[in-house]
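Novice: using only what follows, build the 3D model:
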Amino acid sequence: MPTLSLHRESSPIGIILDPQNNITSEERDIRLEDYLNDKIQTDADFGNVDSLMANVEIQKRQLEEQLQDARSKLAKARLASENHASSILQRNAEFKLRQSDLQKKLMIVTSSNSPEGAVERLKVPMERLRRVEMAREYVEMLKEVDDLTKEARIHLPENPKEALKPYTQLKEVAMALRGLQEPAEGAAVHLVNYVEDTCTQLWIDMKKIMMDEFEAVLKKSNWPSIATEPTRQWTDCFGKLLDLQTPEILVAREPLVLLPMGVLARMFVLQFRYHFMGNKPTSHPHHLGDEFFKWFLGTIIKWEGFLRDNVGPILAAHFRGSALAANSLYVDPVSAFITALLPVLKEKVDSVVIAIAPEPSYLSSFMHQLMTFDETLRSKFYYDAGNAELGWKGLTWEVLDIWFERWVEVEKAFALERYQIIIESPNSGKIDYDSAAPGKTKFTYGASEVMDLLGNVTTQYSKLRRLSHKVRFLIAIQAEVLDRYHGRLTESLDAYSTIMSPVARTLHGITKEEREKLEGIGGLESLCKVFGSADHVISTLQGYTYEEFFVDLWDQLQGRAKVLSVGDNLAGPLSYAEVKDCTSDAVGSGEEGSVFDVTIKGFTAIRNRAEEYIIQAIKSALPASFRSYLTKPQWTTVGDDHLSEILQAELNVTAELVRPLQSLEESMGFLHKALGYPTFRHVLRESIDCLQDLFWNEVLMKEDFTTLGAARFLDDLRGIHDVVDSFVPHGSQTALGMPRLKDGIRLLNLPVDSPKDKIGLLDACNEVFANNEQANALLENLGIVHLSNTNARAILKRRVEASV
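Specialist: Numbers count the residues shown, from 1 in each chain. Predicted coordinates for the structure are as follows:
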């Protein structure tokens, strides 16, 4: 049977129409036709007609059930909607009825003609009613505060733990009211203040009741006249005071005086006030801390044993197992006792500082005493104020919060005054030849005293604990002293350079006498003073960089610099750049350095400059000093060869060389005494090299020599070697022996006749002038290593006998 093929498009309207009423029969036929075409496409599909019809019946029943369910839900929804609308209408009608009734009543009560007028007339009585309600709540709050206060007092002094419960409630109420006041724009000021004041006064009264009980027990035992073993009542009172203070201890962020320790220390506080804060002579501020620091430390030492034996166990038992069990402020009785006494001591310290601030010498001395006292408490009694990591800040910290600027001003004035005295001292510019061992650079008395001054300044601020204070002290005083001394040494070198310049007399009006003072030993001494002083400053500062104090200071400075930006202040008012310019370029980087890097660099430049001037002074004086020797026309003296050999063994240095050698020996003798061995050797090397060039160019390469003249020149060289060896043992065997000139004179002194197994002058000339290979072989055979072939030929030409 051929497949049915009906190609018609179904109407899109069919999907939105009611299948029973709105879809036409023609549309239904089309849908049926599409369904059959989809399910029956081959002859084999006709065998499935029964199952197909069964599926259609099942789908039909499912669709009918779904339709019935949808109709049921729709009916229920419509009924609920109608009920809701009816309810809204009914409530609206009731509201309007009540509103109308209320307006009528308001108008009757207020005799108003409109509801708005009635509301306006009711505002005043409503406001009065609100105030009455508020007053009632105020009264209830005050009653609650009063009840909590009375409840807390009932439990004292027998049971302080129970007394803390109502007190804690009152404290919470006060805190809650304060927290609510700000959102309410500061309302109920009087109530909030009253509750807070009541809470504060209650705490004061609670402490007083408990402390009075403990003080009565102490009086009964004649404390502190008689220090007997504590009784049970004594221990109980001590413990109850700790119980009472527990909430305060737990929230404390600063060192807190324990209530029982305050009672124990009360008599000592009275004694302190009597002796040092009354009308007695010991109260005068000019006594500084001589008396009361000694009394304070003596009192602690006297009662240390009693406190550790009797109070220590009570504190340990009370705080055992708590977060404060490792806090020395609460478990160490001596630390707790010190904390109880410190307030009155601080009061005395503050009054002394105020009194002596206008008197620099007293202020300086007292600050040193104060720092020493702080350090004594830390080291002798291990007092850390409960901060085991950072330690106790000390009384000095708090004093310097106010008086640091004044103290630095005083110390700076003293330091600069002392510096000026050192500089103006007659011995300031003299070299102290006993200042260092032989072979070490000697420095002036002034340099020694300046560095001693720096050491004293370090002592003044080495006990400070705040980084900004230490850095500012370093820059304001030590760096200032060093800068002034640096300027003084620089001025000295500038003056020397000006006087010794070729145009000094013309441009600067330098007299001949002024110039002569700086020539020879006088000039060398002036330069050695600068060199030695700069070297001493450098070596001292380099030694400082390895001291613990300056190592810690550098580490702290680096630590702060790394977490700040360049635009921030690094130490108090000092900016990042200011600190860096005064200390080290390595500030803020990962490089090694020290707080004296910049200063060491400056003095190193002065030392190098002074060394250059010393070498220049020696070298510039050589031509003039050796002028008569260089122009000596005696190198061509003719003599018997045998006589020459005899004379060669007996010749002394040339007469014209005696005085220059003496002058050189004097200069080197002074430098050997004044300079360290490495520097002296460098100066000597430079001087000898200059002299070698002078002799080479002006004598060896310029004059003609006979056998006798060459022998005399060799003896002159030996004379110079003797001078060198007198300062540097065996120095003539090193570069200090003028090796190039020495080889040249050896070649110049070859004998005319060839001795047995030795090279003579004529043989040498033949080989040197033959070719380079033979010349090299000759020089190697003679052991001459510092001459070239050209040098050898030029030297042999200077022998008269070789040119004959």
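
Novice: my read is residue 570 is in a strand, agree?
Specialist: Yes: judged by DSSP: H, G, I helix; E, B strand; the rest coil, residue 570 forms part of a strand.

Novice: and stretch 388-401, how far out from the chain middle?
Specialist: Remark: stretch 388-401 is offset 17 Å from the chain centroid, using CA atoms, centre = their mean, to the nearest Å.

Novice: need the contact partners of that stretch.
Specialist: In this structure, residues lying in contact with stretch 388-401 by CB atoms under 8 Å, 6 or more residues apart in numbering are 326-328, 342, 345-346, 349-350, 353, 367, 370-371, 373-375, 377-378, 383-385, 407, 463-466, 469. Using the backbone N, CA and C atoms, a C-beta is placed for each residue, glycine as well.

Novice: and with 6 Å instead?
Specialist: 346, 349, 353, 370, 371, 374, 383, 384, 385 (CB atoms under 6 Å, 6 or more residues apart in numbering).

Novice: which helix or strand contains the fifth one?
Specialist: Meaning residue 371. Per DSSP states H and E: residue 371 is located in helix 360-381.

Novice: which element follows that helix toward the C-terminus?
Specialist: Immediately after helix 360-381, counting by DSSP H and E, sits helix 395-424.

Novice: now that following helix: buried residues?
Specialist: Applying a neighbour-count criterion of 16 or more other CB atoms under 10 Å, one finds 395-396, 399-400, 403-404, 406-408, 410-412, 414-415, 418-419, 422 buried in helix 395-424.

Novice: point out where the stretch 601-750 of the chain drops to low pLDDT.
Specialist: Within the stretch 601-750 of the chain, the stretches with pLDDT under 70 are 633, 638-651.

Novice: show me the contacts for residue 410.
Specialist: Residue 410 neighbours (CB under 6 Å, 6+ apart): 360, 363, 364.

Novice: just give me the closest of these to residue 248.
Specialist: residue 363 (36.9 Å; CB to CB).

Novice: re the thing from before, out of the contacts of residue 410, which end up buried?
Specialist: 360, 363, 364.

Novice: which SS class is residue 703?
Specialist: Assignment for residue 703 (three-state DSSP): coil.

Novice: still on that earlier bit, closest to residue 767 out of the contacts of stretch 388-401?
Specialist: Using CB to CB, the contacts of stretch 388-401 come closest to residue 767 at residue 371, 83.4 Å.

Novice: so what's the closest one closest to, chain neighbours aside?
Specialist: residue 463 (4.0 Å; CB to CB, 6 or more residues apart in numbering).

Novice: looking at this, that neighbour is in a helix?
Specialist: No: secondary structure of residue 463 (three-state DSSP): coil, not part of a helix.

Novice: leaving out the residues flanking it, which one is nearest to residue 793?
Specialist: Closest to residue 793 by CB to CB, 6+ apart is residue 768, at 5.5 Å.

Novice: any regions of the stretch 1-150 of the chain where pLDDT drops low?
Specialist: Using pLDDT under 70, the stretch 1-150 of the chain drops low at 1-29, 31-32, 35-36, 39, 41, 43-47, 102-123, 126-127, 130, 137.

Novice: same thing but 50
Specialist: The model of the stretch 1-150 of the chain has pLDDT under 50 over residues 1-17.

Novice: how far away is residue 743 from residue 683?
Specialist: With the distance defined as CB to CB, to the nearest Å, residue 743 ends up 24 Å from residue 683.

Novice: quick revisit: please identify the helix or strand for the residue nearest to residue 793.
Specialist: helix 761-770.

Novice: that helix: which residues count as buried?
Specialist: 761, 762, 764, 765, 767, 768.

Novice: just the CA trace of it, in CSV.
Specialist: Extracted in CSV, the C-alpha atoms of helix 761-770 (Å, rounded to 0.1, in the frame of the first residue of the first chain):
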residue,chain,number,x,y,z
LEU,A,761,132.4,47.0,28.6
LEU,A,762,133.5,46.5,25.0
ASP,A,763,132.0,43.0,24.8
ALA,A,764,128.8,44.3,26.1
CYS,A,765,128.7,47.1,23.5
ASN,A,766,129.4,44.7,20.7
GLU,A,767,126.5,42.4,21.8
VAL,A,768,124.0,45.2,22.6
PHE,A,769,124.5,47.0,19.4
ALA,A,770,124.6,43.8,17.3
